[in-house]
Structure formats: structure tokens, C-alpha cells
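*Asks:* How does the following fold in three dimensions:
(2 chains)
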Amino acid sequence: MARATTESTDTLEALAASREVLVTCGSGGVGKTTTAAAIAAMAAVHLGGKVLVLTVDPARRLATAMGIERFGNTETRIPAEAFTVAGLEPRGQLFAAMLDTKASWDDLVVRHAPDATTRDAILGNPLYANISGRFVQSHDYIAMERLYDIHASGRYDLIVVDTPPTRNAIDFLAAPDRMAEFFSSRLLRWLTAPYQSKVFTLASKPFMTVADRILGSQFLADIAEFFMLFQTMHDGFVERADAVRALLSDRRTSFVVVSTLETAPVAETRFFIDALASERLDLGAIVLNKVLPPYLRSTNATRTARLLSDHARPVAEAVLGRLGDDAIDVVDVERVLGQIADSFLDYQVVAKREGELRKDLASFADVVASVPYLTDDVHDLGGLIEIGSHLWH
Amino acid sequence: MTTGSMDPLDRKLLFVTGKGGVGKTTVAAGLALRAASLGKRTLVCEVDAKGDLATFLETGPLTFDARVVSPDLWAMCMQTEESLKEYLRLQLKVPLLARIGPLARTFDFVASAAPGVKEILTVGKFCWEVLERNYDLVVVDASATGHVVSQLAAPQAINELVQVGLVRSQTSWMLDILGDPTLTGAVIVATPQEMPIAETLELRERLAEETNVDLATVVVNRVLPELFTSSEEALFDRLADVSDGGPLDGLVDTPGPLLDGARLAVTLRRTQARHLARLRSELGDDIPVLYLPELFTRAHGVRVTRLVADALGEELD
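*Replies:* I've put the predicted structure just below:
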């Protein structure tokens, strides 16, 4: 069935052994989170050391699969029994943590705020609550920040990070830069100017007038307060943003792009491969999930399917003779043979499309690994390891 | 709920969402084509600027300005900056726009400083088209499950956050449109797999708790055909029994892959059936479910979108 390609000289195992951070990216629905968990589980079992999978996806099923009730913002160790039950003897330890955006923002504020008053004012600002909790863009920055933090702690030999779907993952790469840029922007100065000096500068006055009409003065004051408070953390932020960026660009970090062989996810994957290249980030591997078995592309079988699809009658008669069962009608055999053939040809259309898309992607990474179409989702650590073993060599 | 029996295409505004990769855009384009073929003046809009909608309609790149792509069908893509421009022009009658510097920079500020503004400019544009009765139906190829709630909840969030000012007065009429189930509905697209079904059920809860948008229908995409009846399957099992070489051995060339392929098709379908049963039982009877078959086609394009539109038409009749 499906296996790692023979073209690749390197393996995911070698990649995981030589890196400290692996970031999985890809379009939604391609099995990114499961892939991240499978890589981490394989690393814990075969490479040893302490391995952490950090996910943004609050998938309770994944927690259950790893033998824990659920995991939150703090790192939780997967108990050794979960491995024993699956018949595994891990050389290392596996941990999991979920990214809780709100809690991570709070940590960040607590860390960078110059004093307790500023800290409490930020935490109590209504805009802050919205940024940190409700709106999605804040995921981007905070995930990378958290990764940096955990990596810097030196607690883990390997950290596997799962990211939000592709386009966001791009934002996510730009987030540290954007954050740093934002704090030095002129607009921020314009906005906070009236509250800082009580005097509208000539440059900011028309802007404030319009902003006031659109947003209302109370909201504007909330915004201004928020950013003035945040500015006190400016230096800390910019410094961290640079450090996060450096970690992502470092040789110890590789990106693993996950995809299925469907048109839309592959287009997203191409987009992501280009983005990684232009950001000079390392594409370590491409993982292809839910790949149909290669026998669906067999030429001989195709000829047979066409034959049976067009006239199965003679074959049906011969089969009936062999079965030697009077209770069976030749028409039924003919129909079933036709259905088998048509179904084969239907699935073959999909399998061929997959083959073409796979060829398009194969030239972009040293490691291209695929996982066959498994009939069910992962329910335990054994399932994760099964997926992982398709990827590993 | 009385809206359950209502044809989703009789609403004015549909937000099509679902877990990534399930075929949201295909279904949005299919619903729009179907509505247009019934003579409804229909606008379809892509929110995530991926360009998939243009591919499915084979139109060439879409812009913020809607344009006709086929009879009674207009298409556009959301650009929040353009939406802001339109909003300022239409709603606030801001004449000094030129003097406040490049709009892009202002927009960057507004969007970054006031989170929710991007979302409200997106949702607001569609509500505006409904308010003005510019179309009979607006179909939005909305964000994926994770983001759509933030988008649909944005007017409410802004309403709570902004106590006075024009933005606040703007959110009230949006909330009226979004909250009226005869006007607005969400369409959740899923595939018959465990995670998409689970996310569909979760999203239904979140829509109910965090937004005032009614769930119009769930569309299950790529449903595999049932290959055999039970008597046919019994016969297949005998054909596939290769303990003594098998009844097909020597009669045809290389029968193995065909038999393996049929077994795979049966297994995949059986797995799907289990997930479909869960969806049906947990969703309850109020929410209509539409089923779209797996089409086994080579590529996306307007031909496939028409097939989807036809399949939707059959389900809705």
C-alpha cells in the first residue's frame, strides 16, 4: 500500500532526530493536528528524550487518543500506561499542550508589564479582553510566542507545533514583524497623541475627527488607553518578536506541510511552499494524508474493468459455472461484476488525479511521505503510531 | 421552529461555512447557481481571498465590485478596505477622505486597533445588500468553522464595546437582519467523516450561543454511493473469496485490484454511514439535511459546479 516515496533520500525520522522544532502547516481538514501528534508520538517512542506536541486545535478526541482526559494550556504528560496498552515501550516521554490564546496573552502581559498598575489596567481594558479572547488574528502571534517560550525553557528535546489553517499560518509567520512594526507606527502616535498631550497635533487632527465620527469617543478612548498601556511593553515585545523570528529561521526548526491530494488543499500547499521559500524558512517534509492505494491505477486491472463494465455476461456465465449454485441468477452475477468494474473506474479517476497532484508536489521537498486512506479516525495511541509508522522511514 | 421547513433559497442571506476542505466553496457556488437558475437575482461572494470561487465558476479573478457571471448571477470577493471605502461614502458621507492621508493606512489602523472592524465590514456589506434589496439572495462563501462565529458575532461584540457613535447605530440594523430567520441563515457544509460531523454539531451549538443567526440547513458533501444491496454483497463475497484462486481467476486479467477496490468502496461507505447516522440523530428533526453525492470527477470547474447545483436542486425539491 502507500509508503514513503523511494525518490527521497532522507526520512522524517532523520528530520525529527536532527531538529528541535517541527511546525506542521496546511489547509484545514487535511489531518494536520493528527500528523503533528503522530510525529511527536513516533519521536517519543523511537528517538527518546522529551517530546512535546503543542496544538492550537482543542480536539478532545486527540486527548482521548493519547490516553488523557483533556489537556490545556499547561503541558501534560501522556502516561506510560497509554503506551503499554498499545503494546509500546517508549524510549522517551510524550507531553501535550493546547494553546489557550487568552491564557497565553495574560501570561505575556504579566511578564512584560512594567508594574502592577499597568498590568491590571491592561488586563481590565475592554479592548484587551476582545483582542485576547474573541478575535482570531491574535492566535497567530501568541502561538509563536508560546513556542519560543517553551523552546527557551530547554525542557524538551523536540517540540512539534500544530498551526491554524494555511493562510493564517502565513500571518503567523509575519506576526512578530507586524507586531514590532505596529508599535513604531505613526498611526499609533496619532491615536494616542491627544490623550498623551491633550493637544491635537496638526497631523492627527483630521484623522481624529473622522475616527471619532466613526467609532465614538468612548471607544476611541478605550483604544488609546489600551495602546498607551501596551506601549510600555514595547521594548520587551519587539525584542521577543525578533527572537521568535530568529527561532523560526534557525536550522533547528523545520516546517512540515501537510496536505491531502485534492485540488484545493494542494493549491494551498503550493501557496505555503512558496511562502516558506520567500521567508527563507526550511521546508523539511511534505506529508500527504488519506492517499488512495496505488493498485487503483493498475493498467491491467483497468482493462479488465472496462471489459466487465461493457459486457460482463460471458464472464458471469463462466463464473456461475464455477460457483455451481443453482440459487444464483446469472443476471445478478452480471450486475455485481458491472458494479465492481464501474466502482473501480470511478475510484480510479480520483486515484489518477491524486497521482498527478503528488507528482507536482514531490519536487519541492526532500521528504515526501504518505499515509494511506485509513477507514477510521484515530482513537488511541496505537492508531497514532500506525499513522506515524507510514511516515517515518 | 417554523423555519426548518423553509427552502433555504427563500432566505435573503446565506452564510455557507464548514470545516476546511469539505467543499464550502463548491456548495456556495452550487447554491448560487441553483438560485439563479430559478430566476432569483443572486450575488455570491468569496470571503477568504483564495480565488476558489472564480475557479468553480470559471470567471477570472473576482473583485469587490460585483459583476455578472451568468444570467441572474453576480459574483464578487470581499476586500475589507474597499468595503470600508463604500461604508464611509454611503453611510457617513465623509467628504474629507482625501485629507486624512492614504486610506490604506487608516484602514490598517482601524483594523488592527479595533478588532472586529474587519469582521463587521465583511458582514455589514452583505447586510447592506439585503437592506437595499439589491438582490433576491446573497450567498456568502464564508470563513471556516473556526472563524465564522467571530464574524457573525462581530456586530453584537461591537454593539457591546462601542457605547455611542455612528458604528453603534450601524450595528443595530445589521443585528436585525442577521437575527431574522426569514432573512438570514447559516449553511454548514460537512463531509461524512468523524471530524467534519463533530465540528458541524459543535458549530450549531456555538451559532446558537454566540450569534443570533439561524441554522438554515446542513449540506453533506461527497456522500459515497452504496455499492451493493445486501444480497449483492453476499454474492460479491463469494466472487471475492480467493481461497482457491477465486471464481474470477483466469477468466479475466488481474481481477485482484477490482475486488480490493470494491471492498475499499464498501468499507468507506460503511464508515460514512455511521457518521451520517450520528449527524442525523444529534441534529434533530428541525434542521433539514441535504446530501450531495461524491462526483468522482477529474477537476473542479463550472461543469462540476452545475452538477452540484443540479444535485442541490433535486434535494430541495
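*Asks:* Only C-alpha atoms from now on, for both contacts and neighbour counts.
*Replies:* Fine.
*Asks:* Show me where chain B has its helices.
*Replies:* For chain B, the helices defined by DSSP state H cover B:24-37, B:52-57, B:80-87, B:103-113, B:117-131, B:145-161, B:166-178, B:194-210, B:230-239, B:256-283, B:302-316.
*Asks:* Check which helices and strands the shortest one sits against.
*Replies:* Contacts of helix B:52-57 with other secondary structure elements, assessed using 3 or more C-alpha pairs under 8 Å, 6 or more residues apart in numbering or on different chains; DSSP states H and E, are made with helix B:24-37, helix B:302-316.
*Asks:* can you give me how far the last one is from the chain middle?
*Replies:* On the basis of C-alpha atoms, centre = their mean, to the nearest Å, helix B:302-316 sits 14 Å off its chain's mean C-alpha point.
*Asks:* any residues touching that helix, and which ones?
*Replies:* With contacts defined as C-alpha atoms under 8 Å, 6 or more residues apart in numbering or on different chains, helix B:302-316 is touched by B:7, B:26-27, B:29-34, B:55-58, B:290-293, B:297.
*Asks:* go again using 6 Å as the cut-off
*Replies:* Helix B:302-316 is contacted by residues B:30, B:31, B:34, B:56, B:57, B:58, B:290 when judged by C-alpha atoms under 6 Å, 6 or more residues apart in numbering or on different chains.
*Asks:* again, but for stretch A:19-38
*Replies:* Contacts made with stretch A:19-38 from outside it, assessed by C-alpha under 6 Å, 6+ apart, are listed as A:157-163, A:165-166, A:252-260, A:265, A:384-385, A:388, B:20-21.
*Asks:* count of neighbours near residue B:238?
*Replies:* The number of residues packed around residue B:238, counting by other C-alpha atoms under 10 Å in any protein chain shown, is 12.
*Asks:* Could you do residue B:235 as well?
*Replies:* One way to gauge burial is a neighbour count; for residue B:235, by other C-alpha under 10 Å, it gives 18.
*Asks:* how about the nearest residue to residue A:66, chain neighbours excluded?
*Replies:* Counting by C-alpha to C-alpha, 6 or more residues apart in numbering or on different chains, residue A:66 lies nearest to residue A:381, which is 5.2 Å off, once chain neighbours are set aside.
*Asks:* Which pLDDT value does the model give the one you found?
*Replies:* Residue A:381 is assigned a predicted lDDT (pLDDT) of 89.
*Asks:* quick one: it from residue A:96, how far?
*Replies:* Plainly put, residue A:381 is 13 Å away from residue A:96 if you go by C-alpha to C-alpha, to the nearest Å.
*Asks:* Repeat that for residue A:340.
*Replies:* Counting by C-alpha to C-alpha, the gap between residue A:340 and residue A:96 amounts to 44 Å.
*Asks:* ok but residue A:91 is inside a helix, no?
*Replies:* No - according to DSSP: H, G, I helix; E, B strand; the rest coil, residue A:91 belongs to no helix; its state is coil.
*Asks:* Leaving out chain neighbours, which residue sits closest to it?
*Replies:* Once its chain neighbours are removed from consideration, residue A:91 has its nearest residue in residue A:48; the separation is 4.4 Å (C-alpha to C-alpha, 6+ apart).
*Asks:* While we're on that neighbour, how confident is the model there?
*Replies:* For residue A:48, the predicted pLDDT is 93.
*Asks:* now residue B:128
*Replies:* In this model, residue B:128 carries a pLDDT of 91.
*Asks:* Not counting sequence-adjacent ones, nearest residue to it?
*Replies:* residue B:174 (7.9 Å).
*Asks:* before we move on, what about residue A:343?
*Replies:* For residue A:343, ignoring the flanking residues on the chain, the nearest one in space by C-alpha to C-alpha, 6+ apart is residue B:262 at 6.6 Å.
*Asks:* Appreciated, that's everything.
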